[in-house]
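Student: Sequence isn't available, so here's the structure alone:
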């Protein structure tokens, strides 16, 4: 008579041990996967900024200056909220494979003209940091009128460098205006026309633009919306605080990357700037001709 072979299976204790080992392995693996994904997103963000840097140089080659921070003119007189409002980023579109979008814009009209309804909400991945989880389209409200929406805008995570002076000084009643112009000491400001020769501090020592998280307040690539809440700060930033300063203000530079944020320098290179940088050194990199003696950064 044949003997029955005993059943060979896992005991309950063995099964629990296997499950525990798998759980430990997963807990070790997930952070590594997340780090790999963030490294890829950070690389894409750097590539976006590199494209911006190259476009800035192509623009300078064509027009012997970098683009204005934004254009604001009414009846041939400088006006911070005048026609046409379009920002520095718009003028780079032809050099960023966005010639068709650029050609749809009528620079004789305001960005708020109905003919630009589609352009205001046109999503451009090149102006988005893939690490930022913010919405692609947002609503800008009227200054001093919470809940009163003026228009919808496409999101950008990259804003220009106004310098170390305050953007809010140019807001009504406009005490910071000079001849109707809102002028900063950085690379990009109202009706600006900065040439490389104006960077007496050195192109490699001066910021042109950098990152901003949408959680600090949404920014856009298209321009300044008349009567919009903090409209100028939606396309430009200042050096009030080091990157990722807490609490983050709308006009600060900031990122979702741990430890700092990335910036485009005047020479077109991209630098990661630590959030632990000395504030005086940081502010010195914002001015184009401040005469500061800069250390390592």
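Tutor: Yes, it's here. Keep in mind that this is a model prediction, so the values were computed, not measured.

Student: switch to C-alpha atoms for all contacts and neighbour counts from now on
Tutor: Noted.

Student: Skipping its backbone neighbours, what lies nearest residue 274 in space?
Tutor: Among residues not flanking residue 274 along the chain, residue 260 sits closest, at 4.4 Å (C-alpha to C-alpha, 6 or more residues apart in numbering).

Student: doesn't residue 277 make contact with that neighbour?
Tutor: No: counting by C-alpha atoms under 8 Å, residue 260 does not reach residue 277; the two are 9.0 Å apart.

Student: which of these two has more neighbours?
Tutor: Shown here are residue 260 and residue 277; by other C-alpha atoms under 10 Å, residue 260 has more neighbours (20 against 15).

Student: Run through the residues that contact that one.
Tutor: 243, 244, 254, 272, 273, 274, 275, 276 (C-alpha atoms under 8 Å, 6 or more residues apart in numbering).

Student: Just put those residues in a markdown table and tack on secondary structure.
Tutor: As requested, these are exported to a markdown table (DSSP: H, G, I helix; E, B strand; the rest coil):
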| residue | secondary structure |
| --- | --- |
| 243 | coil |
| 244 | coil |
| 254 | coil |
| 272 | strand |
| 273 | strand |
| 274 | strand |
| 275 | coil |
| 276 | coil |
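
Student: I'd like to know which of the residues you listed is nearest to residue 124.
Tutor: residue 254 (19.6 Å; C-alpha to C-alpha).

Student: Near the closest one, how many other residues are there?
Tutor: A total of 30 residues lie near residue 254 under the criterion other C-alpha under 10 Å.

Student: just residue 127 next, same as before
Tutor: 22.

Student: Please, where are all the strands along the stretch 1-150 of the chain?
Tutor: Counting by DSSP state E, counting those that start in this stretch, the stretch 1-150 of the chain has strands at residues 70-74, 77-78, 83-87, 137-142, 145-156.

Student: Output those in JSON lines; the columns should cover mean pLDDT and distance to residue 162.
Tutor: Below are the strands of the stretch 1-150 of the chain laid out as JSON lines (pLDDT from 0 to 100; distance: least, C-alpha to C-alpha, whole Å):
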{"stretch": "strand 70-74", "mean pLDDT": "93", "distance to residue 162": "11"}
{"stretch": "strand 77-78", "mean pLDDT": "89", "distance to residue 162": "17"}
{"stretch": "strand 83-87", "mean pLDDT": "91", "distance to residue 162": "12"}
{"stretch": "strand 137-142", "mean pLDDT": "97", "distance to residue 162": "21"}
{"stretch": "strand 145-156", "mean pLDDT": "96", "distance to residue 162": "16"}
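
Student: Is it possible to get a markdown table of these that adds distance to residue 122 and mean neighbour count?
Tutor: Shown next, in a markdown table, are the strands of the stretch 1-150 of the chain (distance: least, C-alpha to C-alpha, whole Å; neighbours: other C-alpha atoms under 10 Å):
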| stretch | distance to residue 122 | mean neighbour count |
| --- | --- | --- |
| strand 70-74 | 18 | 22 |
| strand 77-78 | 28 | 16 |
| strand 83-87 | 14 | 26 |
| strand 137-142 | 9 | 19 |
| strand 145-156 | 6 | 18 |
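
Student: any chance of those in a markdown table, with distance to residue 205 too?
Tutor: Output for the strands of the stretch 1-150 of the chain, formatted as a markdown table (distance: least, C-alpha to C-alpha, whole Å):
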| stretch | distance to residue 205 |
| --- | --- |
| strand 70-74 | 23 |
| strand 77-78 | 30 |
| strand 83-87 | 23 |
| strand 137-142 | 34 |
| strand 145-156 | 24 |
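
Student: Show me the one of those strands that comes nearest residue 188.
Tutor: Across these, closest to residue 188 is strand 70-74 (C-alpha to C-alpha), at 7.9 Å.

Student: How far does that closest one sit from its chain's centre?
Tutor: On the basis of C-alpha atoms, centre = their mean, to the nearest Å, strand 70-74 sits 21 Å off its chain's mean C-alpha point.

Student: residues in contact with it?
Tutor: 78-88, 188-192, 223-224.

Student: Assign a three-state SS to residue 249, would you?
Tutor: Residue 249 ends up coil, using three-state DSSP.

Student: that older thread, ok, and the most crowded of the contacts of residue 260?
Tutor: residue 254 (30 neighbours).

Student: contacting residues for it?
Tutor: 211, 212, 213, 243, 244, 245, 248, 260, 261.

Student: Least confident of the residues you listed?
Tutor: Confidence by pLDDT is poorest for residue 248 among the contacts of residue 254, given 89.

Student: and the residue lying closest to that one once chain neighbours are set aside, what are its phi and psi?
Tutor: The shortest distance from residue 248 to any residue other than its chain neighbours is 5.9 Å, reached at residue 216 (C-alpha to C-alpha, 6+ apart). Backbone torsions of residue 216, given as degrees, to the nearest 10, read phi -80, psi -20.
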